[in-house]
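1. Predicted model, plus sequence, below.
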Amino acid sequence: MVNAKQLKCKLIDFLLTKFTPRLIGIEVPFIATRRWVDVLLLTKNNVLIAFEIKSDHDNIKRLKGQLKDYKHSFRQVYTVLTTRFNKKEILTSIPVETGIILFDENTNHFSIERKAKNSSSLRKTNLAYFLWRKDLNKQTKKQTSSMELRELFVRQNNLDSIYKAAILALEQRYEQRYKLFLKEKTQDKTHISDLDYLTKLHSELF
């Protein structure tokens, strides 16, 4: 049986072969830390993708609630599961716009069972939560609370502008970490110790 961290390492290696990442982040907070995405990937074409991992030790009871928040915050969403989960149940219970990636422990391989569709439900407020106080201060000189700054930013900008600002904030937060990860990763396979390069410390948040 593989645990969540082991599956995360294997997934990163798979994503490096299937996508052209500009950056990858681990345990990335969104919606003011009400949710944390297991793996975040930004492609060279500015597609923001979330990967929610369900390992052998997890269940999918909370998955529907998680995916509702994901589709309002990311351009694409994938659920990553092991083959111990019932494939028919997965395909029928997970929303059709959500991609599905299965990991077979016997063959040690991933397969994309269903490609993710671009979300048509992105929300300005959700995207604006990727901007922290220092990011919002760059958008306006008004001296007020982070909540009021964010509300002002949402009112004054369209969805496309806020999406671009969210990507810029994530780049500034994770791009250098991703480059360091690639530089320091001395073997072909990602190890659990390598995940630290892709994770922001709690003391660094906000």
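-> Great, that's in hand. Numbers count the residues shown, from 1 in each chain.
2. alpha carbons only for contacts and neighbour counts from here, please
-> Fine.
3. Rank the helices and strands of this protein by mean pLDDT and give me the bottom one.
-> Least confident helix or strand of the chain, by mean pLDDT, DSSP states H and E, is helix 87-93 with a mean of 72.
4. and whatever helix or strand comes next after it, which residues are buried?
-> Going down the chain from helix 87-93, the next helix or strand is strand 99-104, by DSSP states H and E. In terms of neighbour count (16 or more other CA atoms under 10 Å), strand 99-104 has its buried residues at 99-103.
5. Enumerate the positions of the least confident helix or strand of the chain that are buried.
-> By 16+ other CA under 10 Å, helix 87-93 has no buried positions at all.
6. and the most centrally placed residue in the chain, what are its phi and psi?
-> Geometric centre of the chain, nearest residue: residue 40, 2.6 Å, by CA atoms, centre = their mean. The phi/psi pair for residue 40 (degrees, to the nearest 10) reads phi -110, psi 140.
7. who's it bridged to?
-> Beta bridges link residue 40 to residue 25, residue 50 when assigned by DSSP bridges.
8. tell me the contacts of it?
-> By CA atoms under 8 Å, 6 or more residues apart in numbering, the contact set of residue 40 is 24-28, 48-51.
9. need the helices for the protein, in chain order.
-> Remark: helices assigned in the chain by DSSP state H are 4-18, 63-71, 87-93, 124-128, 133-137, 146-156, 159-184.
10. Can you tell me which of the contacts of residue 40 is nearest residue 188?
-> Proximity of the contacts of residue 40 to residue 188 was ranked by CA to CA; the top entry is residue 24 with 16.7 Å.
11. Find the nearest non-adjacent residue to that closest one, please.
-> Excluding the flanking residues, the one nearest residue 24 by CA to CA, 6 or more residues apart in numbering is residue 41, at 4.6 Å.
12. quick one: which of the helices of the chain is nearest residue 108?
-> Residue 108 lies closest, by CA to CA, to one member of those: helix 4-18, at 8.6 Å.
13. picking up where we left off before, could you identify the most distant pair in the buried residues of strand 99-104?
-> Counting by CA to CA, the most remote pair of the buried residues of strand 99-104 is 99 and 103, 13.5 Å apart.
14. Report all helices and strands that the least confident helix or strand of the chain contacts.
-> Helices and strands touching helix 87-93, as assessed by 3 or more CA pairs under 8 Å, 6 or more residues apart in numbering; DSSP states H and E, are absent.
15. Only the C-alpha atoms, please, for that helix, written as CSV.
-> Taking Å, rounded to 0.1, in the frame of the first residue of the first chain, the C-alpha atoms of helix 87-93 are listed here in CSV:
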residue,chain,number,x,y,z
LYS,A,87,-13.4,2.3,-11.1
LYS,A,88,-17.0,2.2,-12.1
GLU,A,89,-18.0,4.0,-8.9
ILE,A,90,-15.3,6.6,-9.5
LEU,A,91,-16.4,7.3,-13.1
THR,A,92,-20.0,7.8,-12.1
SER,A,93,-19.5,9.7,-8.9
